[in-house]
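Enquirer: Structure here, sequence nowhere to be found:
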């Protein structure tokens, strides 16, 4: 179980993003001289990054995504979307380090998973006391990052996301319109020191309520794994 799991409620999505971003900004400022691996959820969670200032960024910071839609199409690929943000430009100018997940020529999703895992394990070996920080999103179905629910097959869920692998390439089938995925597994997620959850929208209320109460099974509701992170702060506009 985690040491702390706190929920911060705001009146709307913008206020929730601002509060989450201010907390993240303060943490990065306090640890600017220390090695930090910042793992980012894509999609709506990018809104949190709008509130991270230039002064919080530097060359001790390594940044990657929590999962990737494996595609060369910049309208689909999440890293391509990240590159359009002001945060990305500021971090690049501050000499922060990025792991890029736009597929290389002739690279398969399995190749990318191996390359990504090597990057993460090398960072950990070089920074055994380094801090791992993540922004965490959740879908209305309870998925987090690229870890999708498998209510019909707990064994397959365990094989994909709870084995020794830190990164998993897989075909999501009909579970998501973006079938080809590279996802950081729950095995990696449980090594995160501090997580900033950003969950907004009334359609997510039922699953968020279950996560807050820590009720259910992780193969049915993957975001329950947030309770295995040492320190989690969830920012939401959901009452």
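Expert: Arrived safely, thanks for sending. Note that this is a predicted model, so its numbers are computed, not measured.
Enquirer: helix/strand/coil for the residue lying farthest from the centre of the chain?
Expert: Centroid-distance maximum for the chain: residue 106 at 26.1 Å, with CA atoms, centre = their mean. Secondary structure state of residue 106, per DSSP: H, G, I helix; E, B strand; the rest coil, is coil.
Enquirer: confidence score at it?
Expert: Confidence at residue 106, expressed as pLDDT, is 95.
Enquirer: Then residue 1?
Expert: For residue 1, pLDDT reads 48.
Enquirer: Neighbours of residue 207, how many?
Expert: 23 (other CB atoms under 10 Å). Glycine gets a C-beta too; all of them are placed from N, C-alpha and C.
Enquirer: Distance check, it against residue 155.
Expert: According to CB to CB, to the nearest Å, residue 207 stands 23 Å off from residue 155.
Enquirer: And for residue 37?
Expert: Counting by CB to CB, the separation of residue 37 from residue 155 is 30 Å.
Enquirer: Backbone dihedrals for residue 111, please?
Expert: The phi/psi pair for residue 111 (degrees, to the nearest 10) reads phi -60, psi -40.
Enquirer: roughly how far apart are it and residue 76?
Expert: Counting by CB to CB - residue 111 and residue 76 are separated by 18 Å.
Enquirer: Next: residue 83.
Expert: Taking CB to CB, one finds residue 83 at 13 Å from residue 76.
Enquirer: again with residue 39
Expert: 20 Å.
Enquirer: which residues does residue 214 contact?
Expert: 5, 224, 227 (CB atoms under 8 Å, 6 or more residues apart in numbering).
Enquirer: so where do the helices sit in the chain?
Expert: 13-30, 78-82, 86-93, 109-126, 154-161, 186-189, 205-213 (DSSP state H).
Enquirer: Check which residues of the first one are buried.
Expert: Okay, so that is helix 13-30. For helix 13-30, burial by neighbour count (16 or more other CB atoms under 10 Å) applies to 13, 16-21, 23-25, 27-28.
Enquirer: Now render the residues you listed as a markdown table, adding pLDDT.
Expert: Shown next, in a markdown table, are the buried residues of helix 13-30 (pLDDT from 0 to 100):
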| residue | pLDDT |
| --- | --- |
| 13 | 96 |
| 16 | 97 |
| 17 | 97 |
| 18 | 98 |
| 19 | 98 |
| 20 | 98 |
| 21 | 98 |
| 23 | 98 |
| 24 | 98 |
| 25 | 98 |
| 27 | 98 |
| 28 | 98 |
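Enquirer: Name the nearest of the residues you listed relative to residue 53.
Expert: Closest to residue 53 out of the buried residues of helix 13-30 is residue 25 (5.6 Å), distances taken as CB to CB.
Enquirer: If anything else comes up later, I'll come back, but that's it for now.
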